[in-house]
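Student: sequence and predicted model, in that order:
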Amino acid sequence: MAESAVHVGSGKVRELYELGPERLLLVASDRISVFDVVLPTEIPDKGRVLTGLSAFWFARTRSLVPNHLLDVREDGRSLECRRLEMLPLELVVRGYLSGSGWRDYQSTGTVCGHALPSGLRESERLPEPIVTPATKAVSGHDENIAEAVAAELVGSERYEAARDVALELYRFGARRAEEADLILADTKFELGVDAEGRLVLADEALTPDSSRIWPADAYAPGGPQPSFDKQYARDWCEATGWDLTPPGPDLPEEVVEGTHARYVEAFERLTGIAFTRYLADPRVVLT
Ligand code: Q0N
């Protein structure tokens, strides 16, 4: 008999359920958000791609940092996880200058207190990856904070350990992405603490939804880069003249199909595993 799962939270594209006092079930839907708005059209298999990628990275980074993954379910879109005490911050690692990092740099010459060389262009590779912590602001949007503020939030020893782990994970993912001719421009991690007081990687890890992934062959600093996974959908939405307020437009079949193909391609290039194998047996990513 299926155990009872009580719904305890929703993200834009994921749902969180409680499996008793010690475990959670993280379910990734096929919803897609574009310009921060969830579209009315779903991308088939998107939730499975993201779940499979997350599980793949959790399995391969266990020696760097323990994580919350307990099991992948047969549906391919659900992860059983250990319940943790979450740190009240997100660790964003940036290897390239993009998004809010680029905006901060343009106005202050720094990103979250990191002094950077002058004259950097948008999307340029940074001399070293940097960690820019953020908190969930009341608006629901993330707010960048200085590392000193993050250290006050969780204690400096805990913050420094979390920062070091995030940097190691980014380097691990960026190396693998490079081997797949992809650029992991930046990525976000969420960490928690287990009952024994150990730092544990949680949430999703190194997925297209928690990262900026760019095709390396089109990389051209000096402007924004196309997103490997969402660019078709973004371009199509923009071309409709949509004002970026909800609801977003419906996606036509060819854009759904093109976006689906990019997600599957990202999965296969990063994992080296055929997506059909994942569908047949999701646990294949754990081995
Ligand atoms: C937790 N969030 C924010 C799902 C993800 N292992 C854990 N233990 C306790 N709490 C959480 C986790 C995890 N992961 C993380 N909320 C609770 C991210 N959510 C947003 C909604 O979708």
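Tutor: Great, that's in hand. Numbering: from 1, shown residues only.
Student: is there a neighbour count for the closest residue to L97 other than its chain neighbours? I'd like the number.
Tutor: Spatial nearest neighbour of L97, excluding adjacent residues (CB to CB, 6 or more residues apart in numbering): E124 at 5.1 Å. Yep, even glycine has a C-beta here, placed from its N, CA and C like the rest. Neighbour count for E124, taken as other CB atoms under 10 Å: 17.
Student: any figure for the gap between E124 and the ligand?
Tutor: Here the criterion is CB to the nearest ligand atom, to the nearest Å. By it, E124 lies 30 Å from the ligand.
Student: doesn't Y96 make contact with that residue?
Tutor: Yes - assessed by CB atoms under 8 Å, E124 is found in contact with Y96 at 6.6 Å.
Student: rewinding a little: check the gap between the residue nearest to L97 and D104 for me.
Tutor: Distance of E124 to D104, given as CB to CB, to the nearest Å: 14 Å.
Student: swap in V264?
Tutor: When distance is defined by CB to CB, V264 is 34 Å away from D104.
Student: ok, now A180?
Tutor: Using CB to CB, we find A180 at a distance of 29 Å from D104.
Student: any idea how far apart the tips of stretch 65-74 sit?
Tutor: The distance separating the two terminal residues of stretch 65-74, taken as CA to CA, to the nearest Å, comes to 25 Å.
Student: use 56 as the first number from now on
Tutor: All set: I'll call the first residue 56, so the last point we hit is now stretch 120-129.
Student: chain center to that stretch, what's the gap?
Tutor: Stretch 120-129 has its average C-alpha position 16 Å from the chain's average C-alpha position, going by CA atoms, centre = their mean, to the nearest Å.
Student: please apply the same query to stretch 103-117.
Tutor: With CA atoms, centre = their mean as the basis, stretch 103-117 stands 11 Å off its chain's centre.
Student: same question for stretch 327-338.
Tutor: Here the centre of stretch 327-338 is set off from its chain's centre by 20 Å, with CA atoms, centre = their mean.
Student: which SS class is E312?
Tutor: Three-state secondary structure (criterion: DSSP: H, G, I helix; E, B strand; the rest coil) places E312 in helix.
Student: and it, what pLDDT?
Tutor: The predicted structure scores E312 at 98 on the pLDDT scale.
Student: count of neighbours near it?
Tutor: E312 is surrounded by 14 other residues when neighbours are defined as other CB under 10 Å.
Student: now swap in E145 and tell me
Tutor: Using other CB under 10 Å, the number of residues around E145 comes to 23.
Student: from W112, how far off is the residue lying closest to E215 once chain neighbours are set aside?
Tutor: In this structure, E215 finds its nearest non-sequential neighbour in A206, 7.4 Å apart by CB to CB, 6+ apart. A206 is 26 Å from W112, where distance means CB to CB.
Student: neighbour-wise, which of those two wins?
Tutor: Taking A206 and W112 together and counting by other CB under 10 Å, W112 has the greater number of neighbours (25 against 18).
Student: can you report phi and psi for that one?
Tutor: Dihedral angles of W112 (phi, psi; degrees, to the nearest 10) stand at phi -70, psi -40.
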